[in-house]
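>>> using only what follows, build the 3D model:
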Amino acid sequence: MPADEDAVDRPLPHRILNTVQALARRAGIRGPAPLAAVALSLLLIGLLFLAVQVRTIFSVQLHQEYIGLVLEAVERADAARSASVVLLGTPASDAQHHIAYRQARIEFAARLGSLHALIGSSPVPAPPMPADVLSPAADFRAASSALDSVYTYWRTERDRASADLRERIVSVSHTLIALSAIVFGVLITAIGMYAKRNRQLVGMSHEFEHASLHDAMTGLPNRRKLFASLEESAARLANGAEPARIAVLYIDLDGFKRVNDTHGHRIGDEFLIAVSRRFRQTVRSGDVVARIGGDEFAVLVREFSGDKELAAIAQRIIDCVTETDMQMRLSLVRASIGIASYPDRVSDYWRLVAVADDTMYTVKRNGKNNYAFASLAPAASASASI
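Sure thing, here's the model as predicted:
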């Protein structure tokens with residue numbers, strides 16, 4: 001189907017709305033707010049036009065009622081004329097005939113006088129009746145011709161007023177349809193603006209939430225996110241769901257301060273970003289790698305089979321640090337890792353990070369670049385075994 005035929009087949013409100021949008025685009029008006037302003041302006045213009053049309057319709061209706069009164073007066077005058085015509089055609093054989101004819105002429109003249117007075121009070125300019133036909137003694141043919149002229153004029157005026165009334169009613173109906181389309185368009189635009197704003201607010205809320213739970217430089221979860229994930233995993237464990245045990249690996253980058261001191265903070269930031277990327281790649285998708293702050297990281301292992309698997313994860317992390325250091329040709333940075341698990345090594349999951357941190361410092365005191373497990377003994381401050 002051609003584009004123009006398709007446009008004709010669309011509902012009128014839809015076509016009007018499209019027309020408004022096209023005019024707005026042609027005028028360089030873009031965006032929902034300016035379009036709504038244009039639609040509101042058109043709505044006000046349409047309401048003004050509608051008020052004028054309704055007022056005119058009432059005026060035309062009053063004029064039609066007046067025309068009806070005139071035509072009724074014409075009918076009464078025509079009836080009096082018909083009586084005069086009947087008596088005029090009757091043979092004049094006696095005085096009674098003349099009396100009846102004279103009374104009919106007087107009645108006809110009176111009807112013409114009433115019609116003349118009614119036409120004289122017309123709310124719109126109208127041709128008056130000749131004054132010389134209003135007398136009973138006036139020429140009957142002239143009076144009859146004047147009556148026919150009045151009837152022809154006012155019948156034409158009635159037809160014209162009826163056509164004008166129909167045209168204005170159609171115009172009002174089209175205006176109402178157009179106003180409905182504009183109101184619909186404004187409503188849809190307002191809903192669209194609200195939905196768009198709501199999506200923006202939701203997006204901003206998600207961005208703020210993400211920013212509050214993640215490290216800005218590395219993109220890793222931060223301490224707050226780590227503890228939220230830790231609490232979630234502990235709740236699942238308490239409900240009898242997997243995992244059966246959870247663990248935290250606390251990581252400290254040995255020698256990282258010398259990177260900043262020797263090569264500058266830009267190189268230090270690049271190292272942190274690179275090693276964070278390697279951390280994410282080396283752990284499982286269900287585990288959480290978080291940057292605690294500075295050169296300290298933590299890994300929440302949500303499910304593991306035993307210490308051997310945790311040791312393998314720790315060794316891979318140490319290798320990640322070594323590989324990143326070698327790739328950047330620093331020869332400065334290594335990693336010390338403390339490992340604590342719940343509930344076998346730590347009885348309170350909230351102490352997992354603190355115990356793993358204490359264990360990490362045990363590794364530092366024993367030569368660094370290694371990992372150690374927290375002691376199985378339920379003590380407030382865990383001892384470490386390498």
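>>> every contact and neighbour count from this point should use C-alpha atoms.
Fine.
>>> wait, what's in contact with L115?
70, 73-74, 77 (C-alpha atoms under 8 Å, 6 or more residues apart in numbering).
>>> quick one: the helices in this structure, in order.
3-9, 12-26, 32-88, 95-120, 140-213, 223-238, 256-263, 265-282, 307-327, 352-365 (DSSP state H).
>>> please work out the average pLDDT along the fourth one.
Meaning helix 95-120. Helix 95-120 carries an average pLDDT of 86.
>>> for that helix, buried residues please.
Within helix 95-120, the residues scored as buried using 16 or more other C-alpha atoms under 10 Å are 101-116, 119.
>>> ditto for stretch 337-354
So, applying 16+ other C-alpha under 10 Å, buried residues of stretch 337-354: 337-343, 345-347, 349, 351-354.
>>> can you give me the end-to-end distance of it?
Counting by C-alpha to C-alpha, to the nearest Å, you get 13 Å between the two ends of stretch 337-354.
>>> how about stretch 211-221?
9 Å.
>>> hang on, the earlier thing: mean pLDDT for the helices of the chain: which is lowest?
Mean pLDDT is lowest for helix 3-9 among the helices of the chain, at a mean of 47.
>>> V248: which of the contacts of L115 is nearest?
V70 (103.7 Å; C-alpha to C-alpha).
>>> how much space separates the closest one from Q61?
Going from V70 to Q61 by C-alpha to C-alpha gives 14 Å.
>>> what does D269 give?
85 Å.
>>> more neighbours, V70 and Q61?
Shown here are V70 and Q61; by other C-alpha atoms under 10 Å, V70 has more neighbours (22 against 15).
>>> tell me how the protein divides into domains.
By the assignment in automatic domain parsing, the chain contains the domains 12-185, 223-385.
>>> export those domains to a markdown table and append columns for distance to L213.
Below are the domains of the chain laid out as a markdown table (distance: least, C-alpha to C-alpha, whole Å):
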| stretch | distance to L213 |
| --- | --- |
| domain 12-185 | 34 |
| domain 223-385 | 5 |
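>>> out of the ones you listed, which is the most enclosed?
domain 223-385 (a mean of 19; mean count of other C-alpha atoms under 10 Å).
>>> for it, what is the distance to the chain centroid?
48 Å (C-alpha atoms, centre = their mean, to the nearest Å).
>>> list the contacts of the closest residue to I292 other than its chain neighbours.
Sequence neighbours aside, R223 is the residue nearest to I292 in space, at 5.2 Å (criterion: C-alpha to C-alpha, 6 or more residues apart in numbering). Residues in contact with R223 (C-alpha under 8 Å, 6+ apart) are 213, 290-293.
>>> give me that answer again for 7 Å
Neighbouring residues of R223 by C-alpha atoms under 7 Å, 6 or more residues apart in numbering: 290-292.
>>> and which of the residues you listed is nearest D307?
A290 (21.0 Å).
>>> for the closest one, name its beta-bridge partners.
Bridge pairing for A290 (DSSP bridges) gives the partners A298.
>>> wait, L237 touches L230, no?
No - L237 is beyond contact range of L230, at 10.6 Å (criterion: C-alpha atoms under 7 Å).
>>> what residue is smack in the middle of the protein?
In the chain, the centroid-proximal residue (C-alpha atoms, centre = their mean) is G192; its distance is 1.2 Å.
>>> for F184, see how far away that residue is.
For G192 relative to F184 (C-alpha to C-alpha), the value is 12 Å.
>>> how near is D344 to E309?
15 Å.
>>> again with A195
49 Å.
>>> repeat that for L48.
In terms of C-alpha to C-alpha, L48 sits 81 Å off from E309.
>>> just I119 next, same as before
On the measure of C-alpha to C-alpha, I119 and E309 end up 112 Å apart.
>>> do I have it right that I106 meets P136?
Yes - counting by C-alpha under 7 Å, I106 touches P136, with 5.1 Å between them.
>>> residues contacting R141?
Contacts for R141 (C-alpha under 7 Å, 6+ apart) come out as none.
>>> sorry, slip of the keys, the one I care about is A274.
Counted by C-alpha under 7 Å, 6+ apart, A274 has contacts T324.
>>> same question for L220.
So L220 contacts 214, 289-291 (C-alpha under 7 Å, 6+ apart).
>>> dump the residues you listed to TSV, plus distance to L330 and pLDDT.
Below are the contacts of L220 laid out as TSV (distance: C-alpha to C-alpha, whole Å; pLDDT from 0 to 100):
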residue	distance to L330	pLDDT
H214	27	90
V289	24	96
A290	24	96
R291	21	95
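>>> from those, which is closest to S305?
Closest to S305, out of all of the contacts of L220 and judged by C-alpha to C-alpha, is V289, at 19.1 Å.
>>> the closest one contacts V299, correct?
Yes - contact criterion C-alpha under 7 Å: V289 and V299 qualify, at 4.5 Å.
>>> shared neighbours, those two?
Between them, V289 and V299 share no contacting residue, judged by C-alpha under 7 Å, 6+ apart.
>>> and the gap between the residue lying closest to N260 once chain neighbours are set aside and A234?
Leaving aside its sequence neighbours, N260 sits nearest to G268 (C-alpha to C-alpha, 6+ apart; 5.4 Å). Distance of G268 to A234, given as C-alpha to C-alpha: 35 Å.
>>> same check on I337?
Distance from I337 to A234, by C-alpha to C-alpha: 22 Å.
>>> again with A77
Counting by C-alpha to C-alpha - A77 and A234 are separated by 107 Å.
>>> what's near enough to touch T218?
Per C-alpha under 7 Å, 6+ apart, neighbours of T218: 273, 276.
>>> per-residue confidence at it?
93.
>>> what about it, distance to F227?
For T218 relative to F227 (C-alpha to C-alpha), the value is 18 Å.
>>> just R334 next, same as before
26 Å.
>>> same check on R105?
Counting by C-alpha to C-alpha, the gap from R105 to F227 is 115 Å.
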